[in-house]
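S.K.: take this sequence and fold it.
(2 chains)
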Amino acid sequence: MPYAVETRDLTRIFAGKKKRRIRRKRATGEGEDHLGPVTALDEVSIQIRDGELFGMLGPNGAGKTTLIKILATLLLPTSGQAFVAGHDVAKDPFPIRQRINMVSGGETSGYGLLTARENVWMFSQFYGVPSKVSKGRIDELMHTFGLWDKRDAKVRMLSTGQRQKMNMIRGFVTDPDILFLDEPTLGLDVNAARVIRDYITNWVRSQKGKTVLLTTHYMAEADQMCDRIAIIDNGKILACDTPENLKRMIRTETTFRLEVDTIRDIASFSSMEGVKNFSHTDDISKNRTHLTFILEDEGPVAEILSAITSQGKKVHSLQKSEPTLEDVFISMVGRGFE
Amino acid sequence: MKAGTVRRTDFRYRLGLNLRAVVGRSYPRIVGANREPSWIFFEALLPLLGIAAYVFIYQFFGNQAIAVITQSTATAPWGMCGKHACADAGEQAQYLAAVNANTNALVASVVLGGTMVAFWLNVLWSMASQLYWEKEIGNLQLYMMAPMNRMALLGGMAVGGMVMTSMRAVSTLVAGVLVFGVIFQVASPLLLLAVFFATLVALYGLGMMFASLYLLWGREAWNLSALMEEPIFFSSGFYFPLGGLLRIPGWGPAIAIAGSFIPASIGLDALRQLTLGSTAFGGTLWIFDVTTELEILVVMAVLFLILARYCLAYLETLAKREGKLTSRHQ
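M.R.: I've put the predicted structure just below:
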């Protein structure tokens, strides 16, 4: 039985800027680093089972969107193969397109002059959904997503959250077998994000044969929703397992979180014995630095505290915690998502 | 996948899918655009000003010709009939009638041309550049991901554009007739409809072909649209019978032939013959007879639609390879 989604050594390289422009920029010494070919996906092999809610977790630019666009038949792979519902995305896109849909966070699709209801109906027509069926589904989904009051409002009058709910309805109205969700809760408030997460989870769990590939860089979202998660960075899959198993991978290690005065000299931490990896983020408004250490044991804690206080910085909090998916990521690549 | 999720792929299903897609994509153009009542001012009344400039020039020339015919002198008591003095009141009346008929035919040509301008502008700015726009607002990738045929997408845009612009063109036509008192004489309404329909299909077929090409050229396509606006008004004879340009020695025929590749040129020529009579302007300013022009329009329509189909298929593959369908987000 084929997987809902399967990729084999999938690679996508973007050509980058034209040679003439590169030559000109090189001559002026501008932005040379970003001008050559970019490997967005590097021999990615994943299998997503039918009925699975599969998460793709990674920072911005990791290759998540590129993968979704190849699977949605919008982009051709440079090499390797991708199959959706058993069909090759490059050779046989029609049966794939009948079964999929995609929703991206921050989407601005549709026409501002149409109402929310009309917009969703229009997109449903591209999938051949009979008008009566489509309108029934739209009304039901509008109620579910709390958009019923705005059904006849023009799209240009909708808020970001309302618009994203409309986009989600567009994704579900065609009753796809496989739904690609690319950062669907990006920029949404807590309530709107919760409504969307609950619906997605319920949609997969309550019906047979419904599969979701969700990309996100929200750890909690992936942890809470997904059956399995692939961690991706720089176009490579670093790990792929259930959230529990991923966290178990670093359970032998110890995670410490510190909040200290803004600290500049952090290079010395990486050379300390027993420090497997660490990440830091600065909170400029509060003049604080948040440090997360993945340690082999608790031994180096005293040395870390000493290094901080010797710089005249105050330690505001120190917490030993259970590993999260972000800790898994830090453990693997040596930096956080921010 | 489960057996229950197997989807249909038969001809009947595909036909229904693509017809629904055409209706769906034409909907925003037909309904959405008319939600802004300001279009009546911008799209129906403002074009009248452009038409008025040509009408007043033609009416001025007509009045001058009438003045020459009606001015009585000692040597020409019944005025001048061409280069000779009118022999009597009968000949004078005959010449006056001819001048009035020519002036009406010229003014009617301008009103018809002004009406077709609406279609050409719609093809140029709303049809040809539409896929580029769709990419900018994020719709294109959703269209390309859907199972409908790409020609259904373009077809929907074209049908919507035709219906929307027809409403505007009719408004301009009615306003032109009422304001300038133009008289049309339609002898063959069915043939007129056939020519009008063939012209629109050929014109929008050209727009569909351009839409694919613009997708590849991106922003540079705007310059091409701007380039094709005013020069096409001239070379396609939107405000005068194109046959007149054809008869100017030297550069005239070259420009008229180049302009004839735009279906509106041949279409307008045929529409003018059918609404003014083929004897208008002494029957000397037409390019071909109506039947030949209808045949040319049908050939153009089929050719442009086929070219649009292949251009879009080729450019979609190219865009997928280069990442241009989705480059907005990458």
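S.K.: roughly how far does the closest residue to chain A within chain B sit from B:Y143?
M.R.: With CB to the nearest CB as the measure, B:G24 is the residue of chain B nearest to chain A, at 2.8 Å. Placement of C-beta: from N, CA and C, glycine included. The spacing between B:G24 and B:Y143, counted by CB to CB, to the nearest Å, is 10 Å.
S.K.: any common contacting residues for these two?
M.R.: Counting by CB atoms under 8 Å, 6 or more residues apart in numbering or on different chains, the shared contacts of B:G24 and B:Y143 are A:F126.
S.K.: of the two, which one has the most company?
M.R.: B:G24 (27 against 21; other CB atoms under 10 Å in any protein chain shown).
S.K.: just the strands from chain A, written as ranges.
M.R.: Remark: strands assigned in chain A by DSSP state E are A:5-14, A:38-48, A:53-57, A:79-84, A:87-88, A:100-104, A:178-182, A:211-216, A:228-233, A:236-241, A:254-261, A:275-283, A:288-295, A:315-321.
S.K.: give me the angle between the third one and strand A:236-241.
M.R.: Comparing the axes of strand A:53-57 and strand A:236-241 via axes from the mean of the first three to the mean of the last three CA atoms, to 10 degrees yields an angle of 140 degrees.
S.K.: average pLDDT for strand A:53-57, rounded please.
M.R.: In this model, strand A:53-57 has an average pLDDT of 95.
S.K.: can you tell if it touches chain B?
M.R.: No. Judged by CB under 8 Å from any CB of the partner chain, strand A:53-57 stays clear of chain B, getting no closer than 15.5 Å.
S.K.: hmm, who's touching that strand?
M.R.: Taking CB under 8 Å, 6+ apart as the rule, strand A:53-57 contacts A:5, A:46, A:48, A:64, A:67-68, A:200-201, A:204-205, A:211-217, A:219, A:222, A:225-232, A:325, A:329.
S.K.: which of these are buried?
M.R.: If you count burial by 16 or more other CB atoms under 10 Å in any protein chain shown, the buried members of those come out as A:5, A:46, A:48, A:64, A:67-68, A:200-201, A:204, A:211-217, A:219, A:222, A:225-232, A:325, A:329.
S.K.: find me the pLDDT at the closest residue to chain B within the stretch 1-150 of chain A, would you?
M.R.: Residue nearest to chain B within the stretch 1-150 of chain A: A:Q125 (2.8 Å; CB to the nearest CB). With respect to pLDDT, A:Q125 has a value of 97.
S.K.: that one touches B:R20, doesn't it?
M.R.: Yes. Contact criterion CB atoms under 8 Å: A:Q125 and B:R20 qualify, at 4.4 Å.
S.K.: overlap of the contact sets of those two?
M.R.: Common neighbours of A:Q125 and B:R20, using CB under 8 Å, 6+ apart, are A:S131.
S.K.: let me know the pLDDT of A:R23.
M.R.: For A:R23, the predicted pLDDT is 53.
S.K.: is A:V275 in contact with A:D297, as I believe?
M.R.: No. Using CB under 8 Å, A:V275 is not in contact with A:D297, being 10.7 Å away.
S.K.: who has more neighbours, these two?
M.R.: Using other CB under 10 Å, the more surrounded residue of A:V275 and A:D297 is A:V275, with 19 against 10.
S.K.: where does the chain have low pLDDT?
M.R.: Let's take chain A. Applying pLDDT under 70 to chain A flags residues A:1, A:17-35, A:337-338.
S.K.: actually, chain B is the one I wanted.
M.R.: By pLDDT under 70, the weakly predicted segments of chain B are B:1-7, B:33, B:218-219, B:325-330.
S.K.: so which residue is smack in the middle of it?
M.R.: B:M116 (3.8 Å; CA atoms, centre = their mean).
S.K.: ok so, going back, part of a helix, is the residue of chain B closest to chain A?
M.R.: Yes. Applying DSSP: H, G, I helix; E, B strand; the rest coil, one finds B:G24 inside a helix.
S.K.: ok, and the closest non-adjacent residue to it?
M.R.: Distance criterion CB to CB, 6 or more residues apart in numbering or on different chains; nearest residue to B:G24, sequence neighbours excluded, is A:Q125 at 2.8 Å.
S.K.: what's the answer for B:M208, then?
M.R.: Nearest non-adjacent residue to B:M208, counting by CB to CB, 6+ apart: B:A308, 3.7 Å away.
S.K.: repeat that for A:K210.
M.R.: A:V204 (5.2 Å).
S.K.: list the contacts for residue 70?
M.R.: You didn't say which chain, so I picked chain A. Counting by CB under 8 Å, 6+ apart, A:I70 touches A:10, A:12, A:41, A:76-77, A:82, A:89.
S.K.: try again with chain B
M.R.: So B:T70 contacts B:79, B:92, B:96 (CB under 8 Å, 6+ apart).
S.K.: what is the helix or strand hosting the last one packed up against?
M.R.: B:L96 is located in helix B:89-121, with elements delineated by DSSP states H and E. Other elements packing on helix B:89-121 under the criterion 3 or more CB pairs under 8 Å, 6 or more residues apart in numbering or on different chains; DSSP states H and E are helix B:46-70, strand B:80-81, helix B:150-180, helix B:189-217, helix B:230-235, helix B:263-276.
S.K.: possible to save those as CSV with distance to A:S271?
M.R.: As requested, the helices and strands packed on helix B:89-121 are exported to CSV (distance: least, CB to CB, whole Å):
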stretch, distance to A:S271
helix B:46-70, 73
strand B:80-81, 108
helix B:150-180, 58
helix B:189-217, 53
helix B:230-235, 71
helix B:263-276, 75
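S.K.: circling back: which one of the contacts of B:T70 is nearest A:E303?
M.R.: In terms of CB to CB, no member of the contacts of B:T70 lies closer to A:E303 than B:L96, at 111.1 Å.
S.K.: isn't the closest one up against B:N63?
M.R.: No. Counting by CB under 8 Å, B:L96 does not reach B:N63; the two are 11.6 Å apart.
S.K.: nearest spatial neighbour of B:F119, skipping sequence neighbours?
M.R.: Among residues not flanking B:F119 along the chain, B:T165 sits closest, at 5.3 Å (CB to CB, 6+ apart).
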